[in-house]
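[1] The sequence and its predicted three-dimensional model are supplied below.
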Amino acid sequence: MLQKINLHNVLFLDIETVPIKEEFSDLSETQQQLFNDKTAYQRKEGEAAASFYHKAGIWAEFGKIVCISVGFFAAKQKQREFRVKSFSGEEKELLLEFKSLLENYYNGSRHMLCAHNGIEFDFPYLARRMLILGVSLPKILSMHGKKPWQIPHLDTMQLWRFGDFKQYTSLKLLANVLGIPSPKDDIDGSQVAEVYYREKDLKRIITYCEKDVITVAQVLLKMRQEPLLHSEEIDIQSQ
């Protein structure tokens, strides 16, 4: 049961990704052909791979991580405090910093990661990008040889499904129906690549990512039937 989980053992997270190169033409001929093959069934009939490239960030083979935001409940006796921190910049460096956090503070048998759609996106994406960049996987992201009940991952989208796998529920929709303030008050995921490459406004992406982490924590609190976090209980670490 969710109520039995110690929230101090849970690391909430969200990642923001963009295409590995700004334009399709920046890819090598081999990469262009591979992207064409990879997306053949996703594109509309007659749609060229180049015109579909703005979505490349959703695949770890053709995208990269530009921000990882995490949040955790600090161990305090008399009041709640939810601390938020972000890793951004050059991809390999931010992955190494994130890995260090996991290995130093989230390497025990009771520790868990929590994200919205994390099982299908965030967790495998992180693992794949680490392997691509030569970063060894921390224990909490390594799934090899583990049985389903041994995997230390919580997914608020999976929890909301209650066993129903027919549809995807966005974090924005889930927040709305649960009465949680929407995190999507500026940009959304489809705009991240443009903000990164055209506007070069990484700080805006970080803020967006941090809001999602806070919302994931709020969703889990709501599912546990606990009071939502108030603004004074949230501490966003300086970037």
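    Great, that's in hand. Numbering: from 1, shown residues only.

[2] Show me the beta-bridge partners of residue 154.
    Beta bridges link residue 154 to residue 114, judged by DSSP bridges.

[3] Could I get the contacting residues of it?
    By Cβ atoms under 8 Å, 6 or more residues apart in numbering, residue 154 lies in contact with 5, 10, 112-115, 118, 220. Backbone N, C-alpha and C define where each C-beta goes, glycine included.

[4] try it again with 10 Å
    By Cβ atoms under 10 Å, 6 or more residues apart in numbering, residue 154 lies in contact with 2, 5, 10-12, 112-116, 118-119, 216, 220, 223.

[5] Then residue 35?
    Going by Cβ under 10 Å, 6+ apart, residue 35 touches 19-20, 24, 27, 49-50, 52-53, 56, 59, 61-62.

[6] and if we set it to 7 Å?
    Residues in contact with residue 35 (Cβ atoms under 7 Å, 6 or more residues apart in numbering) are 27, 49, 53, 56, 62.

[7] Look at the residue of the chain positioned farthest from its centre and tell me its secondary structure.
    In the chain, the residue that sits farthest from the middle, by Cα atoms, centre = their mean, is residue 46; the gap is 32.0 Å. Residue 46 falls in the coil class when you classify it by DSSP: H, G, I helix; E, B strand; the rest coil.

[8] Now it. Its backbone dihedrals?
    phi 90, psi -10 (degrees, to the nearest 10).

[9] shaky segments in the protein?
    Low-confidence segments of the chain, defined by pLDDT under 70: 183-185, 238-239.

[10] which residue ranges form the helices in this structure?
    Secondary structure of the chain, counting by DSSP state H: helices at 29-38, 49-52, 91-105, 123-132, 156-161, 171-177, 192-197, 202-223.

[11] circling back to that earlier point, ok, so of the contacts of residue 154, who is nearest residue 167?
    Residue 167 lies nearest to residue 116 out of the contacts of residue 154, by Cβ to Cβ, at 14.3 Å.

[12] So what's the residue count around the closest one?
    Residues within reach of residue 116, counting by other Cβ atoms under 10 Å, total 30.

[13] just checking, it touches residue 157?
    Yes - counting by Cβ atoms under 7 Å, residue 116 does reach residue 157; the two are 5.2 Å apart.

[14] Which residue, neighbours along the chain excluded, lies closest to residue 222?
    Leaving aside its sequence neighbours, residue 222 sits nearest to residue 178 (Cβ to Cβ, 6 or more residues apart in numbering; 4.7 Å).

[15] Give me the phi and psi for the one you found.
    Main-chain dihedrals, residue 178, degrees, to the nearest 10: phi -90, psi 0.

[16] That one is in contact with residue 221, isn't it?
    No - in this structure, residue 178 is not within contact of residue 221 by Cβ under 7 Å, at 9.6 Å.
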